[in-house]
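Participant: no sequence on this one, just coordinates:
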């Protein structure tokens, strides 16, 4: 069943309205919210230049129409993947200059469109990206220390790099999935970038994305994932102000299952961010690929991931992938096919979900994540994702889960200024199996609930015992603020 086309009817209760049978006094106080920074949705990667690598012969996708579509779908940032590609030169210096020139040319074309729609852009210079990666061309050519990096970046980012001065320039794609032993030198690369931007009078951030928790072996260098995050924070994270990692939860070829460390990765990253005063950024699986992750089949797949990320305080989510070379009939398809410039049906699903979130983001962002509760629907079978959480809450003074027909996650938040509570309730069953979740919560010290469902605001009075039953569709998350 296509839930994106189902009509939802909501009952809206005005403030101080007539009393409902069994409900408390309906005089409650509704909070007001100012416009804030909101929730960011990031396209990886965006519409790209014609024949981007000289071989694929894709059509020109950097058009006003395609960037309008990005904006309409709620995306406010784009990460370059395909732009800037060119061959090496005959020397290190020639290679650096050649790649810098191509990066500037392609970025200027993209930024012309991005500026029209207020979209921020992470450019890609293929020498800066992964410059200090083990066994890279640049490491082999002697860029393996802070001084060599600084010298190289004077060529990569020069006074002729026009794109750096665009109001839509967000930064440069710097490194994807560094291993444990690359982090100290990555810190030097980040230092050199930030210093070079300051010299040029430019505001920009290096985009760095980490490995997920299920990566092990040589990549972790014998260390735990928690130690990997600590080392990243020491050398990089505190300088750029965030943790970003990619975790794709939905696996399966004929069927589906959710990777069992999905919530554990969110939990440890959220905790590290809180401890260090930095931001959490996460990814959304938007396609299947050769690794065994499956294609998305419904709007519920998108909702499930977006609300789960929100449930741990993520305020920026990157879609992998927004654009690739496939159509829906081929499988392993993204939202947009850059080969022929057409859109797959998943574009419309992502658009709907992103804009649902934007509709209530100002009510969400003043609150800080504080923990999660969960409910196993089957008392004899523990959801492995729940079991892998290291420090779930055993209880909460304002709410308890009385029952649920499916596995259910309840995330808790505190207002940053006044300490008020809010909650995010999620149907944590795999959306592939299309199961609805009937959940009963009991609230204390609350007369009503201010709720956001699919982006729609609604207020429901509570009975004297504080119970309320929610019917959650597959993948649905409900944001809840108790009213006194």
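Facilitator: That came in fine, so what should we check first? Predicted, not measured: the structure shown is a model, and the values here were computed from it.
Participant: rest of the way, CA atoms for contacts and neighbours
Facilitator: Will do.
Participant: And for stretch 264-277, what's in contact with it?
Facilitator: 212-213, 226, 229-230, 238, 241-243, 279-280, 309, 312-314, 385, 388-390 (CA atoms under 8 Å, 6 or more residues apart in numbering).
Participant: In strands, which of those residues appear?
Facilitator: 242-243, 279-280 (DSSP state E).
Participant: Could you dump those into JSON lines with neighbour count and pLDDT added?
Facilitator: Shown next, in JSON lines, are those (neighbours: other CA atoms under 10 Å; pLDDT from 0 to 100):
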{"residue": "242", "neighbour count": "21", "pLDDT": "98"}
{"residue": "243", "neighbour count": "24", "pLDDT": "98"}
{"residue": "279", "neighbour count": "20", "pLDDT": "98"}
{"residue": "280", "neighbour count": "25", "pLDDT": "98"}
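Participant: just curious, which of those residues is nearest to residue 150?
Facilitator: Nearest to residue 150 among these: residue 242, at 23.1 Å, using CA to CA.
Participant: who touches the residue lying closest to that closest one once chain neighbours are set aside in this structure?
Facilitator: Spatial nearest neighbour of residue 242, excluding adjacent residues (CA to CA, 6 or more residues apart in numbering): residue 279 at 4.3 Å. Listed by CA under 8 Å, 6+ apart, the contact set of residue 279 reads 241-243, 273, 314-315.
Participant: Ok, residue 326 next?
Facilitator: So residue 326 contacts 332-334, 337, 339 (CA under 8 Å, 6+ apart).
Participant: so how far is residue 61 from it?
Facilitator: 15 Å (CA to CA, to the nearest Å).
Participant: about what we covered before: from the contacts of residue 326, which single one is nearest residue 37?
Facilitator: Nearest member of those to residue 37, counting by CA to CA, is residue 334, at 27.2 Å.
Participant: so who does the closest one touch?
Facilitator: By CA under 8 Å, 6+ apart, the residues touching residue 334 are 286-287, 320-327, 344, 346.
Participant: Kindly recompute the last result at 7 Å.
Facilitator: Taking CA atoms under 7 Å, 6 or more residues apart in numbering, we find residue 334 in contact with 286-287, 321-324, 326.
Participant: do the same with residue 374
Facilitator: 408-410.
Participant: Could you list which of these belong to helices?
Facilitator: If you go by DSSP state H, these have nothing in helices.
Participant: who's the residue most central in space within the chain bridged to?
Facilitator: Geometric centre of the chain, nearest residue: residue 317, 1.5 Å, by CA atoms, centre = their mean. Using DSSP bridges, the bridge partners assigned to residue 317 are residue 41, residue 282.
Participant: Show me the helices in the stretch 251-400 of the chain, by range?
Facilitator: Remark: helices assigned in the stretch 251-400 of the chain by DSSP state H, counting those that start in this stretch are 262-276, 299-310, 345-364, 384-387.
Participant: Just name the most buried of these.
Facilitator: helix 299-310 (a mean of 24; mean count of other CA atoms under 10 Å).
Participant: got a list of contacts for that one?
Facilitator: Contacts for helix 299-310 (CA under 7 Å, 6+ apart): 3-4, 282, 284, 349-350, 353, 431, 474-477.
Participant: any chance of these in a markdown table, with pLDDT and distance to residue 38 too?
Facilitator: Below are the contacts of helix 299-310 laid out as a markdown table (pLDDT from 0 to 100; distance: CA to CA, whole Å):
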| residue | pLDDT | distance to residue 38 |
| --- | --- | --- |
| 3 | 34 | 26 |
| 4 | 36 | 23 |
| 282 | 98 | 15 |
| 284 | 98 | 17 |
| 349 | 98 | 20 |
| 350 | 98 | 17 |
| 353 | 98 | 15 |
| 431 | 98 | 26 |
| 474 | 98 | 25 |
| 475 | 98 | 22 |
| 476 | 98 | 20 |
| 477 | 98 | 18 |
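Participant: wait, which of these is closest to residue 441?
Facilitator: residue 477 (14.2 Å).
Participant: Against residue 117, how distant is the closest one?
Facilitator: Distance from residue 477 to residue 117, by CA to CA: 29 Å.
Participant: ok, these two, which is more surrounded?
Facilitator: Higher neighbour count among residue 477 and residue 117: residue 477, with 27 against 18, using other CA atoms under 10 Å.
Participant: Okay, and the beta partners of that one?
Facilitator: Residues in beta-bridge contact with residue 477 (DSSP bridges): residue 426.
Participant: And it, how far from residue 310?
Facilitator: Residue 477 is 9 Å from residue 310, by CA to CA.
Participant: which non-adjacent residue is nearest residue 363?
Facilitator: In space, residue 363 is closest to residue 33, 5.9 Å off (CA to CA, 6+ apart).
Participant: how about the one you found, secondary structure?
Facilitator: coil (DSSP: H, G, I helix; E, B strand; the rest coil).
Participant: pretty sure it is in contact with residue 362, am I right?
Facilitator: Yes: if you go by CA atoms under 7 Å, residue 33 and residue 362 touch, sitting 6.0 Å apart.
Participant: ranges for the strands of the stretch 351-484 of the chain?
Facilitator: When assigned using DSSP state E, counting those that start in this stretch, the strands of the stretch 351-484 of the chain occupy the ranges 367-375, 399-404, 408-415, 421-427, 437-443, 448-453, 456-461, 467-472, 477-483.
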